[in-house]
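In: From the sequence below, what's the structure:
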Amino acid sequence: MPKRVIDGEALWTSRKLALVEPTSFRAEYANLLPLAEINGSFEAEPRLVWRTVYAANRPDVTAEQVEQILLAFSQAKMLFLWSKHGRKFGYFVGIEKHGRLPSPSRLKGKHYKLGPEVPYEELAEFLGQDTHRLHTGYTPATPGIGTGFGFGTGKSLDTPAVSVFSGLHLSVSAVDNRAFACAFPTVNLQGEYRKIDAWLEVNPAKRPRKQRPFVFNWLTRIPKDAPARRISQVRELVIEGPRSK
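Out: Next comes the predicted model:
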């Protein structure tokens, strides 16, 4: 798993962390954060977390206590937990902010593991946000959410900054996604972002310096009568990129 950068000032002054009970659990946030893979998610089975984080040098901590610790951070809205096919997963809210995950340029040539896909509809419900707004970008500007491609610049752990899309090479902010949603109302934007990210992965020599015009040109090549599909129905990654004229 990649290295993690912990924002000490944000951690020390976090109002959400102050809500975690008992107080002895609060220090475990920094201890657990390195579990996150390059997209901020990880497998949150308590016994697996215990074996990875605590078994070697924290014999005083049990797997049962690990489960309580994870639930405590979830109750404070610092950790989103979900289950799929009988397995438990987690996502650290706000980890997609600038500097907390490896930048796309640092991923080149690295063999970082991609964590489980985050169910953004469930995450939106968990954070009390409107699901449609989370996916289409119809959200007011808030600290921690960028105004262009890339991650937000806010430092506070108390402001959830959910990226509309964050892949290996492509990151789309809420503001840009809103503009794309208005311009291409019938297009499944999440599905197209996945295709673009996959295309950039297999075509490193053709990665553009300016991503916004590249994405816009990509979307303009999609037939206008193409039916929109629900995000949950998109399962495949289409690697073929747009044909050049």
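In: which stretches of the chain have low pLDDT?
Out: Residue ranges of the chain with pLDDT under 70: 1-5, 97-112, 129-163, 224-245.
In: Would you map out the domains in it?
Out: Domains of the chain are assigned by automatic domain parsing as 8-116, 119-245.
In: for the chain, what spans make up the strands?
Out: 41-43, 79-84, 87-92, 165-166, 171-172 (DSSP state E).
In: Tell me which of these is the most buried.
Out: strand 171-172 (a mean of 24; mean count of other C-beta atoms under 10 Å). For the C-beta atoms, the positions are set from N, CA and C on the backbone; glycine is no exception.
In: helices or strands up against that strand?
Out: strand 165-166 (3 or more C-beta pairs under 8 Å, 6 or more residues apart in numbering; DSSP states H and E).
In: For the strand it packs on, which helices and strands make contact with it?
Out: Short answer (3+ C-beta pairs under 8 Å, 6+ apart): strand 165-166 packs on strand 171-172, helix 189-202.
In: Name every strand pairing with the first one and say which way it goes.
Out: Based on DSSP bridges, the pairing partners of strand 171-172 within the sheet are strand 165-166 (antiparallel).
In: Please enumerate residues in contact with the strand it pairs with?
Out: 39-40, 96, 101, 151, 171-172, 177, 189-190, 193-194, 197 (C-beta atoms under 8 Å, 6 or more residues apart in numbering).
In: Out of the helices and strands packed on strand 165-166, which is closest to residue 21?
Out: strand 171-172 (34.4 Å; C-beta to C-beta).
In: right, so of the helices and strands packed on strand 165-166, which gets closest to residue 26?
Out: Closest among the helices and strands packed on strand 165-166, using C-beta to C-beta: strand 171-172, at 29.9 Å.
In: quick one: contacts of stretch 61-78?
Out: Taking C-beta under 8 Å, 6+ apart as the rule, stretch 61-78 contacts 16-17, 19-22, 25, 28-29, 32, 44, 46-47, 49-50, 53-54, 79-81, 90, 92-94, 126-127, 157, 160.
In: Using neighbour counts, pick out the buried residues of it.
Out: 61, 65-67, 69-70, 72-74, 76-78 (16 or more other C-beta atoms under 10 Å).
In: Likewise for stretch 51-60?
Out: Quick answer for stretch 51-60 (16+ other C-beta under 10 Å): 52-54.
In: can you tell me the distance between the two ends of it?
Out: For stretch 51-60, the first-to-last residue distance is 13 Å (C-alpha to C-alpha, to the nearest Å).
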